[in-house]
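# After the sequence you'll find the predicted model.
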Amino acid sequence: MAAAAEAGADASAAAAPEPPLPGAGESLNLLTKWWFYALLFFVIYAFTVAVHLYFDYKLWQRQTEEAAAAAARAPASAPAAASSSAGSGDQAAASSGDASAPSDSKKSQ
């Protein structure tokens, strides 16, 4: 009989409702919380920076590959082209009509 009384006491203790948590009945409206907007701003900012860095990296990678391909195509012709263009620089400036370059027509006057 004592065992039955103990079993009944355990059942009544388990069936007793727990007190509700404070604020459990009210809903959480994030639009009224300032930290929600701060968090939203930082999430959008981080996403924007990540997208910007991704596309910058892709552009840098493509330009690096193009420069490496150009260097691999003509390694020996680059010094020859530089030396031949150095001598023709004065002629190109004179023929382009640059005001700072002396021209033959101004010398004859």
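That came through, no problem. Just so you know, these numbers come straight off a predicted model, no measurement behind them.

# since we're on Phe36, how many residues are nearby?
13 (other Cβ atoms under 10 Å). Glycine gets a C-beta too; all of them are placed from N, C-alpha and C.

# tell me which element it is part of?
Using DSSP states H and E, the element containing Phe36 is helix 34-73.

# quick one: average pLDDT of that helix?
The predicted model assigns helix 34-73 a mean pLDDT of 96.

# ok, Tyr45 - contacts?
Not one residue lies near Tyr45 by Cβ atoms under 8 Å, 6 or more residues apart in numbering.

# how much space between it and Glu66?
Distance, Tyr45 to Glu66, by Cβ to Cβ, to the nearest Å: 32 Å.

# do Leu53 as well
20 Å.

# One more: Leu59?
11 Å.

# Could you name every residue contacting both of those two?
With Cβ under 8 Å, 6+ apart, Leu59 and Glu66 have no common neighbours.

# what's around Leu30, how many residues?
Residues lying near Leu30 (other Cβ under 10 Å) number 11.
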